[in-house]
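J.: Kindly return the folded structure for what I paste below:
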Amino acid sequence: MKKEMTFTEKLAFTLIEIIVVVAVIAVISATVIISFPSLVPRRLEADARKIVADIRWARQMAITRHMNYAVSFDPNRKEYSIYMTPSGALGELTAANLVKKGVLQVSLNLLSTNLWIYSPQGSFYFYGRDNIPLSSQGKSKQIKVFPTTGYVRIE
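T.: This is a model prediction of the structure:
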């Protein structure tokens, strides 16, 4: 004959079950806390790679479409924009000509807005400095742009 379970037999967790759950939570939270400081350099590296990829993309678009493309950085808002500029004039940096916008998680250490305009031949000219300094929580990277070749690299 089967014995039916009553409400008084099993209503709570045992002490061992609670200790095991607390131990698992402690191990998971310790792992997260230990790995959190390693996220800052990864975020910095990811944003640097993103900028380099978009600058190279703008150069490729200028060559393949035979149009001028401009890359403009806004250090106050932590973002950059890519514009298609038919004549290469600064007055064409309007919302109508906006092609792509990138938002960064790290700080841009620019004194002014850096601007590169790529010509259909792949060469470019720029206003401002020839590098883009990035920083986040004491770590820093620089993106170096070589005006004669259009080569871009992370330093």
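J.: helix/strand/coil for the spatially most central residue of the chain?
T.: Central residue of the chain (CA atoms, centre = their mean): Asp47, 3.1 Å from the mean position. Judged by DSSP: H, G, I helix; E, B strand; the rest coil, the three-state class of Asp47 is helix.
J.: close enough to count as contact, it and Ser107?
T.: No: contact status for Asp47 versus Ser107: not in contact, 9.7 Å apart, counting by CB atoms under 8 Å. Placement of C-beta: from N, CA and C, glycine included.
J.: re the thing from before, mind pulling the model confidence for the residue nearest to the centre of the chain?
T.: Listed pLDDT for Asp47 reads 87.
J.: So which residues of the chain form helices?
T.: 15-35, 39-65 (DSSP state H).
J.: quick one, what contacts the residue nearest to the centre of the chain?
T.: Leu104, Gln105, Val106, Leu134 (CB atoms under 8 Å, 6 or more residues apart in numbering).
J.: Among those, which one is most surrounded by other residues?
T.: Highest neighbour count within the contacts of Asp47, by other CB atoms under 10 Å: Leu134, with 24 neighbours.
J.: contacting residues for that one?
T.: Applying CB under 8 Å, 6+ apart to Leu134 gives the contacts 44, 47-48, 51, 104, 106-109, 140-143.
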